[in-house]
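>>> Test case, fold it:
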Amino acid sequence: MYYKDIFKALQEHKVKYLVVGGVAMGLHGIPRMTADLDIMLDLVPVNIKKFIAATGKIGYVPRPPLTFKDFLDPHKRKSWASDKNIVMFTLVNPKIPYQEIDVFIKNPVDFKELCAGKKIAHFGRIEIPVASMDGLIALKEKTGRKQDKTDVSILKKLKNEE
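All right, here's what the predicted structure looks like:
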């Protein structure tokens, strides 16, 4: 599982992040096929630098034409979002191209609020911070994508069963 290397590197570099998307659904017990890992970062410069160090150490690079230097620049991220409708900054593993990490360039919900209710999953000694069901619902309701609407429906049903 290539995710293990990513989670380990993020933990070693003390990156503040949350797993969201299909992997988060799986960690909540809802099977969903996904190839990439979607995460939300605390988008403060020091944390972005830790993220860049962690992912760079294990060989991930930004999908061209974007660069790590650009990702550090809040003005460029704002421009990507407003001028180019870019939502995620994608990193790829050049050795195994299907291994991707997608990171929000602008968090659709407040990171600290989402983090407050997080769930911690474990993979051995690796702690994996995952958005709570309520957090995933709030996040996915903001996107409007068909898959996210389906995910919200499933999350609400599961939550009501609990």
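>>> When you work out contacts or count neighbours from here on, use the C-alpha atoms and nothing else.
Will do.
>>> Pretty sure I86 sits in a strand.
No - read with DSSP: H, G, I helix; E, B strand; the rest coil, I86 is coil and lies in no strand.
>>> What is the burial count for it?
The burial count assigned to I86 is 15, neighbours taken as other CA atoms under 10 Å.
>>> confidence score at it?
In this prediction, I86 carries a pLDDT score of 92.
>>> what about it, distance to I126?
From I86 across to I126, the span is 31 Å (CA to CA, to the nearest Å).
>>> And the helices in the chain?
Assigned by DSSP state H, the helices in the chain fall at 2-12, 21-27, 45-57, 68-72, 74-84, 111-116, 133-143, 146-161.
>>> what residue is smack in the middle of this structure?
I39 (0.6 Å; CA atoms, centre = their mean).
>>> Test my guess that that residue contacts G22.
No - the pair I39 / G22 is not scored as a contact, 10.2 Å apart, by CA atoms under 8 Å.
>>> any common contacting residues for these two?
When CA atoms under 8 Å, 6 or more residues apart in numbering defines a contact, no residue borders I39 and G22 alike.
>>> what does the average pLDDT come to for stretch 11-28?
Mean predicted lDDT for stretch 11-28 stands at 94.
>>> Could you give me the buried positions within it?
By neighbour count on 16 or more other CA atoms under 10 Å, the buried set for stretch 11-28 is 11, 13, 15-25, 27-28.
>>> Could you list the low-pLDDT ranges of this protein?
Regions of the chain meeting the criterion pLDDT under 70 cover residues 1, 162.
>>> try 50 this time
By pLDDT under 50, the chain contains no weakly predicted segment.
>>> thinking again about what came up before, for D151, state which of the buried residues of stretch 11-28 is nearest.
Comparing the buried residues of stretch 11-28 against D151 with CA to CA places M25 closest, at 8.0 Å.
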